[in-house]
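>>> Got a sequence here, can you model it:
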Amino acid sequence: MHNPLGHINDYHERTPNHCIRLKARLRRDLLALTDSPRVADLYAGAGVMARTCYEGLPYIGIDRDRGQTAEEWAATADVTAWNFFDLDAYGSALPVVETLAARVTLPATFVLTDGTRLHVQMRSRLPEYHQRFVPGGDRYRRAWYSEYAGILRSIVEALFAGRRVVDYQQRHASRHGVTPLYVGFRVVEGGA
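Residues are numbered from 1 along each chain as shown. Predicted coordinates for the structure are as follows:
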């Protein structure tokens, strides 16, 4: 298989960027709403989004293939230097979003890929992290599957309790909604 980047690494085997236009449009829409964006790309991989969306902006790319995981960086770095967080994870980036929620300076912008619905479809159960947000836990995985977008938004709002989630946008990679959900939002001071 030909790779336009000239190589194939483990990251691309895990997270194909087959929806680059859709992902890029979401990022550009949120960049336009962010004052003086300073980008922390926490699952940077080979830098596809950096080249596509972030050229000329203050930028840091974090990836386990570069020596540090998103989880480690979110918990230990000076996150106050950044105001635009790109979390294009394989699976769900919500645990990292939760770590950042307690540490970022507002206003802050987040874009993320959430593949939890795929996880539920393939494994027939909610990931443990998500079970605390769904009444009845894993017994209600069908609700998670059919109400994926609404429940995800509720989780995001719960993670930023006491602050306002604004400019919330979500896009499915396909019309059928069984692929990852791309989400973007800004968080500002003040309650709902």
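
>>> remind me which residues of the chain are low pLDDT?
The chain contains residues with pLDDT under 70 at 1-18, 119-125, 135-146, 174-179, 192.

>>> If we use 50, what do you get?
Within the chain, the set of residues satisfying pLDDT under 50 comprises 1-15.

>>> Contact partners for Phe133?
By C-beta atoms under 8 Å, 6 or more residues apart in numbering, the residues touching Phe133 are 151, 154-155, 158. All C-beta spots, glycine's among them, are computed from the backbone N, C-alpha and C.

>>> so how far is stretch 156-167 from its chain's centroid?
On the basis of C-alpha atoms, centre = their mean, to the nearest Å, stretch 156-167 is displaced by 15 Å from the centre of the chain it belongs to.

>>> Next, the contact list for the closest residue to Ala74 other than its chain neighbours, please.
Using C-beta to C-beta, 6 or more residues apart in numbering and skipping residues adjacent in sequence, the residue nearest Ala74 is Thr99, 4.2 Å away. Neighbour list for Thr99: 71, 74-75 [criterion: C-beta under 8 Å, 6+ apart].

>>> The contacts of Phe133, buried ones only, as a ChimeraX selection?
Here is the ChimeraX selection string for the buried members of the contacts of Phe133, based on 16 or more other C-beta atoms under 10 Å:
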select :151,155
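
>>> of all the contacts of Phe133, which comes closest to Val111?
Using C-beta to C-beta, Ile155 comes nearest to Val111 of these, at 15.7 Å.

>>> what comes up buried for the strand or helix carrying Phe185?
Using DSSP states H and E, Phe185 maps to strand 181-188. Residues of strand 181-188 classed as buried by neighbour count (16+ other C-beta under 10 Å): 181-187.

>>> contacting residues around Ala81?
Arg38.

>>> got CSV for the contacts of Phe133, with secondary structure and distance to Phe85 too?
Listed next are the contacts of Phe133 as CSV, based on DSSP: H, G, I helix; E, B strand; the rest coil; distance: C-beta to C-beta, whole Å:
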residue, secondary structure, distance to Phe85
Ile151, helix, 21
Ser154, helix, 20
Ile155, helix, 16
Ala158, helix, 18
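
>>> Of the contacts of Phe133, just say which sits nearest to Tyr54.
Closest to Tyr54, out of all of those and judged by C-beta to C-beta, is Ile155, at 26.2 Å.

>>> quick revisit: most neighbours of all the contacts of Thr99, which one?
Ala74 (25 neighbours; other C-beta atoms under 10 Å).

>>> Go ahead and confirm that residue touches Leu42.
Yes - shown here, Ala74 and Leu42 form a contact pair, counting by C-beta atoms under 8 Å, at 6.8 Å.
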